[in-house]
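Novice: Sequence and computational prediction follow.
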Amino acid sequence: MNRWVFGSQAEVLAEECAQANADVVIAGHCGVPFMARVGGAVWFNPGVIGMPGNDGTTDVWYGLLQPKGGALQLTTHRLRYDHMAAAAAMRRVGYANGYARALVTGVWPSLDVFPAAERAATGRRLRPRSLTLTVQAARESAFRAA
């Protein structure tokens, strides 16, 4: 399924997690990093390397999943890179100028797919996040925020 899913969309997240029938869903596509607890599940969107997080910075985002003792730690991280060279390369090959401009400004060229909450957060600096997942019983997972 190709669907834009954002952190503010609690009902969509719940629906997607229920369909996945999983304790953790790792999915991107919307480009804005977030972690959300959805009932007994967690949605982890680490962001995207190819576009900034619409927060007014030129950084892009990635996520890590790391074992930590008997738990699993999910983290999001900023990545600084030569965004000017990337934007110039996009323009040279004729890629949509709006996307090249987004690499330079840190703001997306169009917000029409964004829900109201994410639209309102345009230009607000995002911060890295961390969530530690622990197993409480043999058959059940319980999640504790770090």
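Specialist: Cool, got the structure. Numbering: from 1, shown residues only.
Novice: remind me which residues of this protein are low pLDDT?
Specialist: Where the chain drops to pLDDT under 70, the residues are 1, 135-146.
Novice: go with 90
Specialist: 1-4, 22, 28-31, 39-40, 50, 69-70, 95-97, 134-146 (pLDDT under 90).
Novice: Buried ones in stretch 96-109, by neighbour count?
Specialist: Of all the residues in stretch 96-109, those buried under the rule 16 or more other C-beta atoms under 10 Å are Y99, A100, A102, L103, T105, G106, V107, W108. No exception for glycine: its C-beta is placed from N, CA and C like everyone else's.
Novice: which ones are touching A88?
Specialist: Contact analysis of A88 by C-beta atoms under 8 Å, 6 or more residues apart in numbering lists A100.
Novice: Under a three-state scheme, what state does it occupy?
Specialist: Following DSSP: H, G, I helix; E, B strand; the rest coil, we place A88 in the helix state.
Novice: quick one: it and V104, what's the gap?
Specialist: Between A88 and V104 the distance is 10 Å, computed by C-beta to C-beta, to the nearest Å.
Novice: what about the spatially most central residue of the chain, distance to R78?
Specialist: Most central in the chain under C-alpha atoms, centre = their mean is P33, positioned 2.1 Å from the mean C-alpha point. Distance, P33 to R78, by C-beta to C-beta: 9 Å.
Novice: Over to A22?
Specialist: Distance from A22 to R78, by C-beta to C-beta: 27 Å.
Novice: Which stretches in this protein count as helices?
Specialist: 10-20, 83-92, 97-105, 116-120 (DSSP state H).
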